[in-house]
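Novice: How does the following fold in three dimensions:
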Amino acid sequence: MILVNERSAGDAGKKGAGRGTYIKIHGAKRLILALHGHSRVARAIRELRVSPLVVFRHDWRFYACLMMYDVAKFLHVTGVVMLMGNITVTAIWKFFADRDGRTEVLGFAQKLVTYTDWSMTFWGVVLIIGGGYFMAISAGFPLREGWLLWSQILFVLSGLIWLLIIVPIQVRQGRLAKAFSDGDVGKEYRALSRRWLAWGLVSTAPLVAATWLMVTKPG
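Specialist: Numbering: from 1, shown residues only. Down below sits the predicted model:
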């Protein structure tokens, strides 16, 4: 239930000001929407310029729903940190490994690219998708409108670039790294490294934009 404090700035000195009106909201979805400022009740509260005080009945289902929502948000943000952190840091240390030029350094760096993709990038994507869709569906946010729609489009675009272009480059580089001769990595490996870095930057741009939309939630 929501207690709407009827006292406004102009009514502060009036007799009886401060009494509240209780508005019952049915269902966990409506409660979460009210908390996040997206329900009709919350909008009405803002338009009336009153101060809302949210009070709830002792309902374990409501608290469980809020806890699950917070856990999903934590997992979603953790996934963003894992994904964004890995793709940016990997690009930096692989760039310097390529500049080093020693075959043993390049071979080890190439192995780490594969390992970090499976341990950080893949699971970061899983947490982002799982946590994000749980929050959106449980709270009733429109997935086909506004910033949520564009965030999904950008996320899918980046994923397609990674799967269709970057991963094949990594696979080819991994095979070449196993056949390195002493002191020579070959022109093909260096050309692939330049392509990997360029497409990596391209695939990062949509993720940065999607993260911005997640934080600012325009519209």
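Novice: neighbours of the residue nearest to Ile165 when sequence neighbours are not counted, just the number please.
Specialist: In this structure, Ile165 finds its nearest non-sequential neighbour in Trp199, 5.0 Å apart by Cβ to Cβ, 6 or more residues apart in numbering. Yep, even glycine has a C-beta here, placed from its N, CA and C like the rest. Trp199 has 16 neighbours, counted by other Cβ atoms under 10 Å.
Novice: Phe141 now?
Specialist: 20.
Novice: sec struct for it, please.
Specialist: Look at Phe141: counting by DSSP: H, G, I helix; E, B strand; the rest coil, its state is coil.
Novice: State the distance from it to Leu207.
Specialist: Distance, Phe141 to Leu207, using Cβ to Cβ, to the nearest Å: 20 Å.
Novice: thinking again about what came up before, for the residue nearest to Ile165, what is the enclosing helix or strand?
Specialist: Assigned by DSSP states H and E, Trp199 belongs to helix 187-216.
Novice: what about the helices in the protein?
Specialist: Along the chain, counting by DSSP state H, helices occupy 28-35, 40-48, 60-100, 103-116, 122-139, 146-161, 167-178, 187-216.
Novice: Could you dump those into TSV and include mean pLDDT?
Specialist: Output for these, formatted as TSV (pLDDT from 0 to 100):
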stretch	mean pLDDT
helix 28-35	45
helix 40-48	45
helix 60-100	87
helix 103-116	86
helix 122-139	91
helix 146-161	94
helix 167-178	88
helix 187-216	92
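Novice: how about the residue nearest to Ile165, what does it touch?
Specialist: Ile161, Ile165, Ile166, Ile169 (Cβ atoms under 8 Å, 6 or more residues apart in numbering).
Novice: ok, now Gln152?
Specialist: Per Cβ under 8 Å, 6+ apart, neighbours of Gln152: Leu143.
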